[in-house]
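Novice: Below is the sequence, then the predicted model.
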Amino acid sequence: MTPHLAPKPVQPPSRETQSLAQDRLAGLATPPGALGRLGDLGVWLASAQGVVPPSPLDNIRLVIFAGDHGVAAHGVSAYPPAITAAMVRTFVAGRAGVSALAAAHDVHVRVLDLGVDDDLTDVPSEVIAHKVTRGSGAIHLEDALTVEQTTQAFEIGRTVAREEIAAGAQLLLSGDMGIGNTTPAAAIIAAALGLPASEVTGRGTGVDDAGLAGKEQVIDQALGRTRGRTDDPMATLATLGSADLAASTGYLVEAATAGVPVLLDGLMSVACALTAERIAPGAVAWFAAGHRSTEPAQSLALSKLGLEPVLDLGMRLGEGSGAVSAVPVLRSAVAVLRDVAMLSELMPDA
Ligand SMILES: O=C(O)c1ccc[n+]([C@@H]2O[C@H](COP(=O)([O-])O)[C@@H](O)[C@H]2O)c1
Ligand SMILES: Cc1cc2nc[nH]c2cc1C
């Protein structure tokens, strides 16, 4: 049995506001095109907000979806699965890589355990309140989740997006934490794009050549095991994904449906964006790509979605760190559209 969800098209951001924002950009006291992609990002934010010039981004919220993955016990990562729970505790303590970046750029961070293989009884109860499973299945041997677990995790993601929007989010970011998660994320992208394991497999946390070869084999085996069952995006999440990836996908679908712009992160975030676009065609119009990760599958999925990343810093941390790093660029895009004089003001008689 596969979980089916009829694709629900998403309304695009306001075309009228987009055109007004383009007119404002063209009229600024700058040579046409001189602001490059900063101008395009400002126009995108204005149309997503439905207002010209766009409002300052004072309430930016990141949700980190955490979970463990059965494949992590099969040599696909350079690190042991116990790191996942340890990093959840580190996010709670505000000491992770993304914590430092988020504090620097005033981004609110929420971490949620969807499937960490640890009871995590020592973290605040709201972090573990949405646990669906203790570890998702090893995808080369078994399905990651049952149909019910997949739907449950997806719906949790949607609810979490609604909560963040109710808290005033003007921009949502999605992050991930989970040793082994680059394997299911790459597999999901391979299945969606019809690509072989050899094209999507990357080094993740830094596996050596033997590790890379083994990881490619695991992905190839997972794709072979599920062939014919990945035409449906929810079935892809159940067979090749995980609870954290299903929740992250629901979060992105809900953000787009509610008309709130999203800044994507690395491989996991973009694999979920690709899946969200399959579930809710048009969702991608609400997404911008924060950065290019070193993972080949992330670039392949970004190309398919037609997204050009804001930053390309060789980052591969995950956690939402690439998205948070791009936040100052988005704030710059808002500032130029808001605060630069119009050329007509400088030369009223021209
Ligand atoms: O965001 C990315 O593109 C990215 C690339 C490589 C690694 N990561 C992070 O590293 C972990 C997964 O790597 P791995 O090798 O265990 O599959 C997971 O916690 C991710 O957040 C993240
Ligand atoms: C230390 C560490 C931190 C991480 N953050 C995201 N993935 C990670 C993997 C490791 C190993």
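Specialist: Thanks, I have the structure now. Numbering: from 1, shown residues only. Ligands and ions are numbered 1, 2, ... in the order given.

Novice: Close to ligand 1: what parts of the stretch 1-150 of the chain are there?
Specialist: Contact residues, the stretch 1-150 of the chain versus ligand 1 (CB under 6 Å from any ligand atom): 77-79. (C-beta placed from N, C-alpha, C; glycine too.)

Novice: Pull the number of nearby residues for the closest residue to residue 343 other than its chain neighbours.
Specialist: Nearest-residue entry for residue 343: residue 29, 4.7 Å, with adjacent residues in sequence omitted and distances by CB to CB, 6 or more residues apart in numbering. Look at residue 29: counted by other CB atoms under 10 Å, it has 12 neighbours.

Novice: Any figure for the gap between residue 29 and residue 90?
Specialist: Per CB to CB, to the nearest Å, residue 29 is found 46 Å from residue 90.

Novice: mind listing the helices in the stretch 101-250 of the chain by residue range?
Specialist: In the stretch 101-250 of the chain, the helices defined using DSSP state H, counting those that start in this stretch lie at 125-128, 147-166, 182-193, 197-200, 209-226, 233-240, 243-258.

Novice: Just the buried ones from the residues of the stretch 1-150 of the chain next to ligand 1?
Specialist: Buried by 16 or more other CB atoms under 10 Å: 77, 79, out of these.

Novice: residue ranges of the strands in this structure, please?
Specialist: 60-67, 107-115, 171-177, 262-264, 287-289 (DSSP state E).

Novice: okay, those strands in CSV with mean pLDDT, distance to residue 164 and mean neighbour count next?
Specialist: Converted to CSV, the strands of the chain look like this (pLDDT from 0 to 100; distance: least, CB to CB, whole Å; neighbours: other CB atoms under 10 Å):
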stretch, mean pLDDT, distance to residue 164, mean neighbour count
strand 60-67, 99, 5, 28
strand 107-115, 99, 7, 24
strand 171-177, 99, 6, 28
strand 262-264, 99, 11, 29
strand 287-289, 99, 15, 27
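
Novice: can you count the residues close to the residue nearest to residue 140 when sequence neighbours are not counted?
Specialist: Spatial nearest neighbour of residue 140, excluding adjacent residues (CB to CB, 6+ apart): residue 221 at 3.9 Å. The burial count assigned to residue 221 is 17, neighbours taken as other CB under 10 Å.

Novice: and if you look at residue 27?
Specialist: Burial of residue 27 is recorded as 15 neighbouring residues (other CB under 10 Å).

Novice: Do you know the pLDDT at the spatially closest residue to it that is not a sequence neighbour?
Specialist: Of all residues not flanking residue 27 in the chain, residue 342 sits nearest, at 4.9 Å (CB to CB, 6+ apart). Note for residue 342: predicted pLDDT of 98.

Novice: separation between residue 342 and residue 321?
Specialist: 37 Å.

Novice: Between the two, tell me which one has more neighbours.
Specialist: Counted by other CB under 10 Å, residue 342 and residue 321 do not tie: residue 321 has more neighbours, with 27 against 12.

Novice: Isn't that one up against residue 327?
Specialist: No. Residue 321 lies out of contact with residue 327 (CB atoms under 8 Å); the separation is 10.9 Å.

Novice: so what's residue 342 bridging to?
Specialist: residue 28 (DSSP bridges).

Novice: about what we covered before: need the residues of the stretch 1-150 of the chain next to ligand 1 in CSV with pLDDT, can you?
Specialist: Output for those, formatted as CSV (pLDDT from 0 to 100):
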residue, pLDDT
77, 98
78, 98
79, 98
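
Novice: Okay then, goodbye and thanks.
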